[in-house]
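>>> pasting the sequence and the predicted model now:
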Amino acid sequence: MNRVLVFDDDQELLDVMQEILSLNGFEVLTSAPTYEINELILRFQPDLIIMDFLMNHVNGGELCSMLKNDESTQDIPVILCSAYDRIIQSLGDYGCDLFVNKPIDFSKLTFDINKLLPKGKDYEYH
């Protein structure tokens, strides 16, 4: 079972992500934003990370860049999410593998996750 780590400062969104991704066959760990991301990664060993771009006191873009510049985490696909897609257009992608606009289309997100996972199951987007 593929493991997905989700960071966001919106608890409702974390709850929805937990439920939908679990129903789609993923083992999911959700977390409020933290700069202690390496500890969570070591403990959980995710196959993919989803994080909000703008979180309280934490810049998801900077976290993504940090992960992509670290040899131990650079190969983990990272999806950045934001309701403000122009931020990514103006500031760059921080090395993320995919940018997803909010509100999130969860059917498409599940499809995209499976495309990014090397051992992902086949999933047809509807």
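That came through, no problem.

>>> need the helix or strand of the protein with the lowest average pLDDT.
helix 85-91 (a mean of 65; mean pLDDT, DSSP states H and E).

>>> give the next helix or strand downstream of that helix.
strand 98-101 (DSSP states H and E).

>>> neighbouring contacts of that next one?
50, 77-83, 85, 88, 93, 109, 112, 116 (C-beta atoms under 8 Å, 6 or more residues apart in numbering). C-beta here means a position set from N, CA and C on the backbone, and glycine is covered the same way.

>>> what does stretch 73-92 give?
Under C-beta under 8 Å, 6+ apart, the answer for stretch 73-92 is 8, 38, 41, 46-54, 60-61, 64, 67-68, 93-104, 109, 112-113, 116-117.

>>> contacts only, for the residue positioned nearest the centre of the chain.
Closest residue to the average C-alpha location of the chain: Ile50 at 0.7 Å, with C-alpha atoms, centre = their mean. By C-beta under 8 Å, 6+ apart, the contact set of Ile50 is Val4, Leu5, Val6, Phe7, Met17, Val78, Ile79, Cys81, Val100, Leu109, Ile113.

>>> burial measure for the last one, as a count.
Going back to what we said before, that points to Ile113. Close neighbours of Ile113, defined as other C-beta atoms under 10 Å, add up to 23.

>>> report the secondary structure state of it.
helix (DSSP: H, G, I helix; E, B strand; the rest coil).

>>> am I right that Met51 sits in a strand?
Yes. The assignment for Met51, made by three-state DSSP, places it in a strand.

>>> all helices of the chain, in order?
Under the criterion DSSP state H, helices of the chain are mapped to 11-23, 37-44, 60-68, 85-91, 106-116.

>>> buried residues in stretch 37-56, which are they?
Applying a neighbour-count criterion of 16 or more other C-beta atoms under 10 Å, one finds 37, 40-41, 44, 46-55 buried in stretch 37-56.

>>> try stretch 58-71
So for stretch 58-71, counting by 16+ other C-beta under 10 Å, buried means Val58, Asn59, Gly60, Gly61, Leu63, Cys64, Ser65, Met66, Leu67, Lys68.

>>> again with stretch 68-81
For stretch 68-81, a neighbour-count test (16+ other C-beta under 10 Å) marks Lys68, Thr73, Ile76, Pro77, Val78, Ile79, Leu80, Cys81 as buried.
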